[in-house]
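**Q** predicted coordinates and the sequence they were generated for:
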Amino acid sequence: MTSLLQQQPTRVQAVLNILIESPYFYKKDHEDLFFFLRRHQTEFAAFFKAHFNWELTLDNKCARLYKPDWFNPRITPTNRDMFNFTKRDECIGFMLLLEFFEQRMEEESASVEDVENLRFRFGDFLRYARGRFVELFPTQAEAYSDEAVRSKALRPIMPQLEKYRFIEKIDPPADEPVEYDDTIFEALPALWHYNVHRLSRPIVEGDAQPVTVSATPAT
């Protein structure tokens, strides 16, 4: 890494800064620096592991750093900038997005190597999620109407998913306003880094079971 820093200090410094400025570094953020990171993945990974015990994860579209430990005891979990859902239905809503994403990928035979990311209508996700909520809680089917799932489980999480770059809303042309259910979202590459296996665990009614994904730089 020392040799690489001496040879191309500007690029190395730029990559290091980008990696700690956001939870995810996407190829479309800066293709030249992303490809530079891929070419020198071994050197960057060894540097982060040796000096900070951070793990560098990289695929064709996304890079992220994972920091397993917190060192400042004064920064408690409630003080951290975290992607964190604590209400049960919101937690399930996020997991259902992962499941929905996985299903759509299988249907379209898509992969992380595809040039374009998958896009979906919010209304399609709502319909899928509503059906799955009824499957998960058959005795509470009446409580999970389209409106209940939309307002209590999905609409609250969408802004957070946008903020932490799991999805990106595609704005329609200015002269073509659309209802929210017709809003198009792009599924960003970070979704490939998560799976839906938690949904296979028994869900206890009343148990929040928060889903926490760190959104602090270098985590």
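**A** That came through fine.

**Q** tell me the centre residue of this protein?
**A** Phe166 (3.4 Å; CA atoms, centre = their mean).

**Q** buried residues in the lengthiest helix in the chain, which are they?
**A** Criterion DSSP state H: the longest helix present in the chain is helix 88-107. For helix 88-107, the neighbour count (16 or more other CB atoms under 10 Å) marks 88-101, 104-105 as buried. C-beta: built from backbone N, CA, C; applies to glycine.

**Q** with adjacent residues omitted, what lies nearest to Arg38?
**A** Leu58 (6.5 Å; CB to CB, 6 or more residues apart in numbering).

**Q** how much space separates that neighbour from Arg132?
**A** Taking CB to CB, to the nearest Å as the measure, Leu58 falls 32 Å from Arg132.

**Q** more neighbours: these two, which one.
**A** Per other CB atoms under 10 Å, whichever of Leu58 and Arg132 has more neighbours is Arg132, with 19 against 16.

**Q** isn't that one right up against Leu97?
**A** No - checked against CB atoms under 8 Å, the pair Arg132 and Leu97 is beyond contact range at 10.7 Å.

**Q** could you list the domains of the protein?
**A** What automatic domain parsing lists as the domains of the chain is 2-66, 78-214.

**Q** closest to Asn72 out of the ones you listed?
**A** Closest of the domains of the chain to Asn72 is domain 78-214, at 9.5 Å (criterion: CB to CB).

**Q** quick one, strands of this structure?
**A** In the chain, the segments counted as strands under DSSP state E are 25-26, 55-58, 62-66, 82-85, 119-121, 167-170, 184-187, 211-214.

**Q** what helices and strands are in contact with the first one?
**A** When you say that, I think you mean strand 25-26. Helices and strands touching strand 25-26, by 3 or more CB pairs under 8 Å, 6 or more residues apart in numbering; DSSP states H and E, are helix 31-39, strand 62-66.

**Q** any idea how far stretch 155-164 is from the chain center?
**A** In terms of CA atoms, centre = their mean, to the nearest Å, the centre of stretch 155-164 is set 10 Å apart from its chain centre.

**Q** could you pull out the helices for the chain?
**A** For the chain, applying DSSP H gives helices covering 2-7, 9-21, 31-39, 41-52, 88-107, 122-136, 146-148, 158-163.

**Q** what average pLDDT does the longest one get?
**A** Put plainly, it is helix 88-107. On average, the pLDDT along helix 88-107 is 93.

**Q** what does the shortest one give?
**A** Per-residue confidence for helix 146-148 averages out to 95 on the pLDDT scale.
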